[in-house]
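**Q** quick check, what structure comes out for this input:
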Amino acid sequence: MSKEKSKTRAAKAAKAPAADGAGIDIGISKSDREAIASGLSRLLADEYTLYLKTHNFHWNVTGPMFNTLHLMFEGQYTEAALAVDLVAERIRALGFPAPGTYSQYAKLSSIEEDESVPPALDMVKKLVKGHEACARTARSVFPLAEKASDEPTADLLTQRLQLHEKTAWMLRSLLE
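**A** All right, here's what the predicted structure looks like:
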């Protein structure tokens, strides 16, 4: 190996964060990974709470828009079931445990649970709020990912933002 290549590698190694106790050395410091994982944990809690709310509404919707909403909610909760897995797996890839209990989600989520079954159009309104909350949470994590040059997390957040903003728009369109 040439001296020039050796110097370049040594310079890169000096700039890169060292592996932590878990042996993670992906070019993102442990403190940055921890901050990102914490933000993603809030997003996971919001995503899971919205998933549960949407599934509940799918089961319990009634009225003249039953078929339309029942099918729409099914598509939404099916997508959400896949999304929670992606978010949780990213938290794990960063080296931290993903929250996975209702009590953890209740503490972390910005979305309130519904204790009763609202009328169909109120369901739509509540889901609009839920999707907007998920978008706000995802957007709040984005600067942390950008600062750490964490492109996989930024990509995940971008995809979640696109989905939640589009779904909120589609749901709002039912209310006009």
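**Q** which stretches of this protein form helices?
**A** Secondary structure of the chain by DSSP state H: the helices cover 3-15, 30-60, 66-93, 102-108, 120-147, 151-175.
**Q** where does this structure have low pLDDT?
**A** Where the chain drops to pLDDT under 70, the residues are 1-22.
**Q** how about the residue nearest the centre of it: what's its closest non-neighbour residue?
**A** Of all residues in the chain, the one closest to the mean position by CA atoms, centre = their mean is L43, 4.0 Å from it. Of all residues not flanking L43 in the chain, T137 sits nearest, at 4.9 Å (CB to CB, 6 or more residues apart in numbering). The way it works is simple: take the backbone N, C-alpha and C, and place the C-beta from them, glycine included.
**Q** my guess is that neighbour meets L40, correct?
**A** No - using CB atoms under 8 Å, T137 makes no contact with L40, being 9.3 Å away.
**Q** the two: who's more crowded?
**A** When neighbours are counted by other CB atoms under 10 Å, T137 and L40 differ, and L40 comes out ahead with 28 against 25.
**Q** ok, and the closest non-adjacent residue to that one?
**A** Using CB to CB, 6+ apart, the closest residue to L40 is I91 (4.9 Å).
**Q** distance-wise, check the one you found relative to R33.
**A** From I91 over to R33 the distance is 10 Å, taken as CB to CB, to the nearest Å.
**Q** give me every residue that touches the residue nearest to the centre of the chain.
**A** V87, C134, T137, A138, V141, L157, R160 (CB atoms under 8 Å, 6 or more residues apart in numbering).
**Q** list the contacts of the second one.
**A** Pointing back at C134 there. Counting by CB under 8 Å, 6+ apart, C134 has contacts L43, D46, E47, L50, I111, R160, H164.
**Q** and the third one, by the same measure?
**A** With contacts taken as CB under 8 Å, 6+ apart, T137 has the following neighbours: G39, R42, L43, D46, S110.
**Q** could those go into CSV alongside distance to Y102?
**A** CSV is the format used below for the contacts of T137 (distance: CB to CB, whole Å):
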residue, distance to Y102
G39, 20
R42, 15
L43, 17
D46, 14
S110, 15
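**Q** which one among those residues gets closest to G95?
**A** G39 (14.5 Å; CB to CB).
**Q** got the buried residues for stretch 134-154?
**A** Across stretch 134-154, burial judged by 16 or more other CB atoms under 10 Å covers C134, A135, T137, A138, V141, F142, L144, A145, A148, D150, T153, A154.
**Q** what do you get for stretch 23-35?
**A** I24, I28, K30, D32, R33, E34, A35.
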